[in-house]
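**Q** Here's my sequence, what's the structure:
(2 chains)
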2 protein chains.
Amino acid sequence: MSKNVVFGIDIGGTSIKSGLFTGTGKLLRKDEIPTVKEMGGAYILDDIRDYIFKVLKDENLELSELAGIGMGVPGSVRDDGTVNKCVNLGWGVFNVADAMAERLGIDREKICIGNDANVAALGEYWQGSGKGYASMFFVTVGTGVGGGLIIDDKPINGINGAAAEIGHLPIVDGLDWACSCGKTGCLEQIASATGIARLGGKSNAKEVFDAAKSGDAQAEAAVDKASMYLAKGLACVAGIVDPDCFIIGGGVSAAGEYFLEKIRKYYRMQVFHPSRETVIECAVLGNDAGMYGAARLVFNRISGGLE
Amino acid sequence: MSKNVVFGIDIGGTSIKSGLFTGTGKLLRKDEIPTVKEMGGAYILDDIRDYIFKVLKDENLELSELAGIGMGVPGSVRDDGTVNKCVNLGWGVFNVADAMAERLGIDREKICIGNDANVAALGEYWQGSGKGYASMFFVTVGTGVGGGLIIDDKPINGINGAAAEIGHLPIVDGLDWACSCGKTGCLEQIASATGIARLGGKSNAKEVFDAAKSGDAQAEAAVDKASMYLAKGLACVAGIVDPDCFIIGGGVSAAGEYFLEKIRKYYRMQVFHPSRETVIECAVLGNDAGMYGAARLVFNRISGGLE
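**A** Here you go, the predicted structure:
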């Protein structure tokens, strides 16, 4: 009897996280292997091939029982699976789906490639905080501010792969320094971990949140300002795609309800009224979101979806 | 031999515009009938029924040859065809698709209902300036600022029907008056015809543009400010959905290249670099966009799309 399994693989700059799923979407096992970046990342796909063959053998599965492999990569990806330079892996421009299919000796149509942030958003939508909503905007607040947009069960990539890049929304007036992108006024200059640490005059965002919670006025003002601008960004998202929920992930989301309550307050003050009650919650899958989302790419492609 | 026709009907507050299309999407005829708003708009659907029967008779068509009817209405619409108060028509909450199907004695599945702005966007995408692009953001600059977003050939409505409502993006700092929505800082307070007239100190936007073109400094500053903020709104759209093109419609788009060049300049200054070269053009279908888009709703639903 055919078992029909799917791999969801999230390729990060430090490690590769993988989940093996049944055809009904149940997680069977979870693994992590190091990302070998030597030689322009030339060993990465070979290492993934070796890992897949090993797992199939461990689990007594035939290659013919492999229904598909989803992969999230740190860079922009065209619909045909071509990556356009993954700087963190050392990769140039090539078709990852073709390269992986060739290594495994399987049909190229079984391999789905997506941008890591969009794939993490899809994972959080499928099995995390976004579960049950009609659409979702996922925001990651970490070193920078990024995101992922899910409509009709699919990540929206944008024509240049730049959709959901809300860290660079030009909505902060009065900044006198430039963002790494070259512009001034980018949201992530204020609302990222980096921005919060700078505003709060501490060495990292956690220290600013801790100080704010104990009544430090500068720290509290910093958290308020970051929350206000992040909420302005979400209000812009609501005015453009009006999603069913906002899910906040990334390191800074560890600040939890204290941060969420401020974001919600400033969101309601700035958003157009039809979207005033949109849910704003924290993500729950953490670093596992990518492997879930990568698997989901395959289930989306398989005719009829999940078994 | 079956002819298979489709009506695209755009219900406005003053008149109802209709197009009769072949099954391959060719426009056969175009009509306009007045919108009778008495009695809470109770006669509107009856008038449309009488009109449809008359046209079918004129054109020697059987009711069985009617493949579908698309209708754009001025208000928010749920996926099942229920409208939630169309204030300009006097309508409350009811299912327009059911009501129309009953009046015509046809299958309810043959009737598609959409919001008028989203439907106009779809028309401009299908047969106007958006033709051939993978996705489009349509902006109408008139009394207010509105829009429509098309991804994968479909209008994105949003969970509350508020998608593409960029007139209320909270991106204008320093305003000391409120928008009709109750908030301050809404884009349309500056970038609409109303906003441009106010900034330029004239009685309408056309006078401001004419004065600006002849070197009036206040008028030129007004057009510059409106263009800069409209471009900021488009840069936010690009950072969230990264569309393949921006198409500008509405009364103010009559200002043409003079306005477009300013919008393009300020867009390139504010947008995240991957979306820097996105096309910005004027709409071409004018008031016909709605009937084209309404028909296209039907073609989208018919299995396999256009014949």
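**Q** Please name the nearest non-neighbouring residue to residue A:31.
**A** residue A:18 (4.9 Å; Cβ to Cβ, 6 or more residues apart in numbering or on different chains). No exception for glycine: its C-beta is placed from N, CA and C like everyone else's.
**Q** any low-confidence regions in chain A?
**A** A:1-2, A:303-307 (pLDDT under 70).
**Q** The residue nearest to the spatial centre of it: what's it in contact with?
**A** Closest to where the C-alpha atoms of chain A average out (Cα atoms, centre = their mean) is residue A:117, at 2.7 Å. Residue A:117 sits next to A:138, A:140, A:146-148, A:164 when contact means Cβ atoms under 8 Å, 6 or more residues apart in numbering or on different chains.
**Q** how near is residue A:235 to chain B?
**A** 5 Å (Cβ to the nearest Cβ, to the nearest Å).
**Q** got the angle between the strand or helix carrying that residue and helix B:217-240?
**A** Here residue A:235, judged by DSSP states H and E, is contained in helix A:217-240. Angle, helix A:217-240 to helix B:217-240, by axes from the mean of the first three to the mean of the last three Cα atoms, to 10 degrees: 90 degrees.
**Q** Can you show me the CA trace of the very next helix or strand once past helix A:217-240 as PDB?
**A** Next along the chain after helix A:217-240, taking DSSP H and E as the criterion, comes strand A:245-249. Once non-C-alpha atoms are left out, strand A:245-249 reads as follows in PDB (Å, rounded to 0.1, in the frame of the first residue of the first chain):
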ATOM      1  CA  CYS A 245      -6.000  38.500  10.600                       C
ATOM      2  CA  PHE A 246      -2.500  39.900  11.400                       C
ATOM      3  CA  ILE A 247       0.000  37.400  12.900                       C
ATOM      4  CA  ILE A 248       3.100  38.800  14.500                       C
ATOM      5  CA  GLY A 249       6.300  36.700  14.500                       C
END
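**Q** So which elements touch strand A:245-249?
**A** helix A:116-127, strand A:135-141, helix A:256-270, strand A:279-282 (3 or more Cβ pairs under 8 Å, 6 or more residues apart in numbering or on different chains; DSSP states H and E).
**Q** circling back: measure the residue nearest to the centre of chain A to residue A:138 for me?
**A** 8 Å (Cβ to Cβ, to the nearest Å).
**Q** likewise residue A:246?
**A** Distance from residue A:246 to residue A:138, by Cβ to Cβ: 8 Å.
**Q** Of these two, give the one with the bigger neighbour count.
**A** Using other Cβ atoms under 10 Å in any protein chain shown, the more surrounded residue of residue A:246 and residue A:138 is residue A:138, with 32 against 28.
**Q** what about the nearest residue to that one once chain neighbours are set aside, how many neighbours?
**A** With Cβ to Cβ, 6+ apart as the criterion, residue A:138 has its nearest non-adjacent residue at 3.7 Å, and that residue is residue A:121. Using other Cβ under 10 Å, the number of residues around residue A:121 comes to 33.
**Q** Now do residue A:121 against residue B:260, distance only.
**A** For residue A:121 relative to residue B:260 (Cβ to Cβ), the value is 34 Å.
**Q** Likewise for residue A:185?
**A** 23 Å.
**Q** Flag every residue of the stretch 101-250 of chain A that's near chain B.
**A** Counting by Cβ under 8 Å from any Cβ of the partner chain, the stretch 101-250 of chain A comes close to chain B at A:134-135, A:149, A:151-152, A:156-166, A:168-171, A:173, A:181-183, A:185-186, A:232, A:235-244.
**Q** Could you identify the buried members of those residues?
**A** A:135, A:149, A:151, A:156-166, A:168-171, A:181, A:183, A:185-186, A:232, A:235-244 (16 or more other Cβ atoms under 10 Å in any protein chain shown).
**Q** Identify the spatial nearest neighbour of the residue of the stretch 201-307 of chain A found nearest chain B, chain neighbours not counted.
**A** Nearest to chain B in the stretch 201-307 of chain A, going by Cβ to the nearest Cβ, is residue A:242, at a distance of 2.4 Å. Computed as Cβ to Cβ, 6+ apart, the closest residue to residue A:242 that is not its neighbour in sequence is residue B:158, at 2.4 Å.
**Q** Check the secondary structure at the one you found for me.
**A** Secondary structure, DSSP: H, G, I helix; E, B strand; the rest coil: residue B:158 is coil.
**Q** In contact with it, which residues?
**A** Counting by Cβ under 8 Å, 6+ apart, residue B:158 has contacts A:135, A:238, A:241-243, A:275, B:164.
**Q** got it, and residue A:288?
**A** Contact analysis of residue A:288 by Cβ under 8 Å, 6+ apart lists A:17, A:19, A:30, A:123.
**Q** The second one should be in a strand, yeah?
**A** Yes: the assignment for residue A:19 by three-state DSSP puts it in a strand.
**Q** and it, how many neighbours?
**A** 22.
**Q** Mind checking what secondary structure the residue lying closest to it once chain neighbours are set aside has?
**A** Nearest residue to residue A:19, sequence neighbours excluded (Cβ to Cβ, 6+ apart): residue A:291, at 4.0 Å. Following three-state DSSP, the label given to residue A:291 is helix.
**Q** what about residue A:291, distance to residue A:16?
**A** Residue A:291 is 9 Å from residue A:16, by Cβ to Cβ.
**Q** give me the beta-bridge partners of residue A:155?
**A** residue A:150 (DSSP bridges).
**Q** Now do the same contact list for it.
**A** Residue A:155 sits in contact with A:114-115, A:118-119, A:121-122, A:148-149, A:293, where contact means Cβ under 8 Å, 6+ apart.
**Q** 10 Å instead?
**A** A:114-115, A:117-122, A:125, A:138, A:148-149, A:163-164, A:293, A:296-297, A:300 (Cβ atoms under 10 Å, 6 or more residues apart in numbering or on different chains).
**Q** For the nearest residue to residue A:220 once chain neighbours are set aside, identify the helix or strand it belongs to.
**A** Nearest residue to residue A:220, sequence neighbours excluded (Cβ to Cβ, 6+ apart): residue A:212, at 4.3 Å. Using DSSP H and E, residue A:212 sits in helix A:205-213.
**Q** if we can go back for a sec, farthest pair within the contacts of residue A:117?
**A** Across those, the longest distance by Cβ to Cβ is 9.7 Å; it joins A:140 and A:164.
**Q** any common contacting residues for the two?
**A** A:117, A:121, A:146-148.
**Q** before we move on, back to that, distance check, the residue nearest to residue A:19 against residue A:29.
**A** Taken as Cβ to Cβ, the span from residue A:291 to residue A:29 is 11 Å.
**Q** what does residue A:104 give?
**A** In terms of Cβ to Cβ, residue A:104 sits 18 Å off from residue A:29.
**Q** got it, and residue A:161?
**A** 31 Å.
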